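Visitor: kindly return the folded structure for what I paste below:
(chains A, B, C and D)
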Number of protein chains: 2
Amino acid sequence: MATSTVENYLKHILLLSAEGEELVPMGALAEALAVVPGTVTTMVKALADSGQVEHRPRQGVRLTAAGRRVALNVLRKHRLVECFLVNVLKMDWAAVDTEAEQLEHAISDEVLDRLDALLGHPETDPHGDPIPSRHGQLDSQVYATLATCVVEKALRIVRITDQSAEFLQFAVQNGLLPGETVRVTERNLASGLVTAKKITGRPLALGLAAAGKILVQPTR
Amino acid sequence: MATSTVENYLKHILLLSAEGEELVPMGALAEALAVVPGTVTTMVKALADSGQVEHRPRQGVRLTAAGRRVALNVLRKHRLVECFLVNVLKMDWAAVDTEAEQLEHAISDEVLDRLDALLGHPETDPHGDPIPSRHGQLDSQVYATLATCVVEKALRIVRITDQSAEFLQFAVQNGLLPGETVRVTERNLASGLVTAKKITGRPLALGLAAAGKILVQPTR
DNA sequence: AGATTTATTTTGACTATTCAAAATAACCGA
DNA sequence: TCGGTTATTTTGAATAGTCAAAATAAATCT
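Guide: Just a heads-up that it's a prediction; the model follows:
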């Protein structure tokens, strides 16, 4: 059985390889896991020995099929737990990531399935992140963001890609939640400023980086 | 923050010291934790250094006030999680102990409180074991068992003190659940045999050891 | 008391995970 | 192609938790 350290390595490799095949640089992984790069090298070599990742020295890591299976299962646990914490326990949207970080390694597949049923088989977690299916399907649609979308068009927010409590708090305070409808009224690449407006609301200015963390799709 | 290993040591010391002050022998602790005795000695010395237990060399260990506080919190988590798994997720009575074993170290106090509220502040877990209160009160009433109670009197089952899946399964199959009413119709110390009957049922024979694991109280 | 059994502690070693710092390789600009 | 960044790997050491087996103390039994 994978230790929770191993689960974390695999989960973060999955998360950093976005869609598919790309090699994750060791440095990026070290940063994500908050350990020094040398530690990642050591650990990745061990993971490679156990067949969970493929290590290309000096280039990066990539999950094997086996590693990906484990990673998706952990991610599924993480996101379903977040749903539970927000929908059932009514916890703060911004706080649940940290909680789920622990719980994802402690809950069994049995509990996972029952939680999934209790929640009505949700497809995304409260931040809009897609929940991998029981057998490893992960929605990987590419969305526009407030930094890249067309202007003056009504769009539905589908997802917030920054899990930090600060950013999520900011999002809540400005009503930038998945499901809400917004329109970008102005975007100036030079100044790096984006102005967005909710249907019923005052204009809100935010930087390009922040705008890029909010994924949107055409209102259906 | 206490590691989950430390939490387990403290929890088991609490459980083994039943009520109060007794020193828990190192061997008993080693057995409960499924490690060799030498390991316990090493670990207990570390726990003593950090002020969580008092170690009497060659005699045993005992929790300090600080250690007891931690242990009660872990036990509270364990038992509330069991309630959740049985009452909300409808999991098998006999399987939840193992699950809770993991979850008790992963859930935060915040989640704990909300779980407690969701469940309606239960006083006992599904096996009848008392749940320590938020601030460390633990019901320590001494109950009679089917091995020690008066015969021919109707009694309510309050608790099953063996958490092993096998025993719990046996209990379920014979309807020996907390809340049920039973009567001991016969007890023979010599043969070590106890015969019990549910109000609406055929007599059931069980050994003294098994009978001693079922706690009862007078029907109110 | 002396010998024996039993519980506990000590010792030495091992695994998993981590860090700091030095060594190495790859890349990049002129 | 040379020199310098920058990323990665290596090396040596630390911590937490564990085991096996030898040493020791305590309790027990003649």
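Visitor: list the buried residues of the one helix or strand residue A:196 maps to.
Guide: Take DSSP states H and E as the rule and residue A:196 turns out to sit in strand A:193-198. Across strand A:193-198, burial judged by 16 or more other Cβ atoms under 10 Å in any protein chain shown covers A:194-198. Backbone N, C-alpha and C define where each C-beta goes, glycine included.
Visitor: and the following helix or strand past it, which strands flank it?
Guide: Of the helices and strands lying after strand A:193-198 in sequence (DSSP H and E), the nearest is strand A:203-207. When pairing is defined by DSSP bridges, strand A:203-207 lines up against strand A:193-198 (antiparallel).
Visitor: what mean pLDDT would you report for the strand it pairs with?
Guide: For strand A:193-198, mean pLDDT is 88.
Visitor: what do you get for stretch A:14-30?
Guide: Stretch A:14-30 comes out at a mean pLDDT of 89.
Visitor: same check, this time on stretch A:37-45
Guide: In the prediction, stretch A:37-45 has an average pLDDT of 98.
Visitor: CA atoms of it as CSV?
Guide: Provided in CSV are the C-alpha atoms of stretch A:37-45 (Å, rounded to 0.1, in the frame of the first residue of the first chain):
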residue,chain,number,x,y,z
PRO,A,37,15.0,19.3,-5.1
GLY,A,38,17.4,16.7,-3.9
THR,A,39,14.6,15.0,-1.9
VAL,A,40,12.5,14.8,-5.0
THR,A,41,15.3,13.1,-7.0
THR,A,42,15.7,10.5,-4.3
MET,A,43,12.1,9.8,-4.0
VAL,A,44,11.4,9.8,-7.7
LYS,A,45,14.1,7.2,-8.2
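Visitor: need the residues that contact the strand holding residue A:196.
Guide: Contacts with strand A:193-198, where a contact means Cβ atoms under 8 Å, 6 or more residues apart in numbering or on different chains, come from A:146-147, A:175-176, A:180-188, A:203-208, A:210-211.
Visitor: need the longest strand for chain A.
Guide: Longest strand of chain A, by residue count under DSSP state E: strand A:181-188.
Visitor: now the end-to-end length of stretch A:199-213.
Guide: By Cα to Cα, to the nearest Å, the extent of stretch A:199-213 from end to end equals 20 Å.
Visitor: quick check, distance from that stretch to the centre of its chain.
Guide: Between the centre of stretch A:199-213 and the centre of its host chain there is 20 Å, according to Cα atoms, centre = their mean, to the nearest Å.
Visitor: quick one on the thing from earlier: give me the buried entries from the contacts of strand A:193-198.
Guide: A:146-147, A:176, A:180, A:182-184, A:187, A:206, A:208, A:210-211.
Visitor: ok, of those, which one's closest to chain B?
Guide: residue A:176 (24.5 Å; Cβ to the nearest Cβ).
Visitor: SS state for the closest one?
Guide: Put simply, residue A:176 is coil when judged by DSSP: H, G, I helix; E, B strand; the rest coil.
Visitor: report pLDDT for it.
Guide: Looking at residue A:176, the pLDDT reads 87.
Visitor: what sits against it?
Guide: A:157, A:160, A:170, A:182, A:196, A:214.
Visitor: whether the strand or helix carrying residue A:7 contacts chain B - can you check?
Guide: Here residue A:7 sits within helix A:4-16, counting by DSSP H and E. No: Helix A:4-16 is not in contact with chain B by Cβ under 8 Å from any Cβ of the partner chain; minimum separation 9.1 Å.
Visitor: which other helices and strands does that helix contact?
Guide: helix A:26-33, helix A:37-49, strand A:60-63, helix A:65-83 (3 or more Cβ pairs under 8 Å, 6 or more residues apart in numbering or on different chains; DSSP states H and E).
Visitor: can I get these in JSON lines including mean neighbour count and distance to chain B?
Guide: Shown next, in JSON lines, are these (neighbours: other Cβ atoms under 10 Å in any protein chain shown; distance: least, Cβ to the nearest Cβ, whole Å):
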{"stretch": "helix A:26-33", "mean neighbour count": "18", "distance to chain B": "18"}
{"stretch": "helix A:37-49", "mean neighbour count": "16", "distance to chain B": "19"}
{"stretch": "strand A:60-63", "mean neighbour count": "22", "distance to chain B": "24"}
{"stretch": "helix A:65-83", "mean neighbour count": "22", "distance to chain B": "10"}
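Visitor: export those to TSV and tack on distance to residue A:128?
Guide: As requested, these are exported to TSV (distance: least, Cβ to Cβ, whole Å):
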stretch	distance to residue A:128
helix A:26-33	20
helix A:37-49	29
strand A:60-63	23
helix A:65-83	10
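Visitor: great, nothing more from me.
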